[in-house]
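Novice: coords below, sequence missing:
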């Protein structure tokens with residue numbers, strides 16, 4: 001059986017991860033899928049962060 005082309009990835013907020021002085025101790029994370037043939041690099045999307053209460057850049061983590 002062959003492996004699928006689409007893989008599940010996790011996106012993490014860059015603002016929450018880099019700034020420890022936020023009002024909340026959490027880090028916003030989303031899960032999504034990407035096609036590993038078409039998108040070989042790391043994915044960056046602008047998503048809503050519930051801890052920052054703004055739209056921030058979320059980067060793919062391993």
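Specialist: That came through fine. In this text the structure is predicted, and so the values were computed from the model without any measurement.
Novice: can you give me how far the lowest-mean-pLDDT helix or strand in the chain is from the chain middle?
Specialist: Sorted by mean pLDDT, DSSP states H and E, the helices and strands of the chain end with helix 14-18, the least confident at a mean of 83. Distance of helix 14-18 from its chain centroid, counting by C-alpha atoms, centre = their mean, to the nearest Å, is 11 Å.
Novice: What residues of stretch 33-47 count as buried?
Specialist: 34, 47 (16 or more other C-beta atoms under 10 Å). No exception for glycine: its C-beta is placed from N, CA and C like everyone else's.
Novice: Then stretch 4-11?
Specialist: Result for stretch 4-11 [16+ other C-beta under 10 Å]: buried residues 9, 11.
Novice: for that stretch, the distance to its chain's centre please.
Specialist: 12 Å.
Novice: And stretch 9-21, by the same measure?
Specialist: For stretch 9-21, the distance to the chain centre is 8 Å (C-alpha atoms, centre = their mean).
Novice: One more: stretch 33-49?
Specialist: 8 Å.
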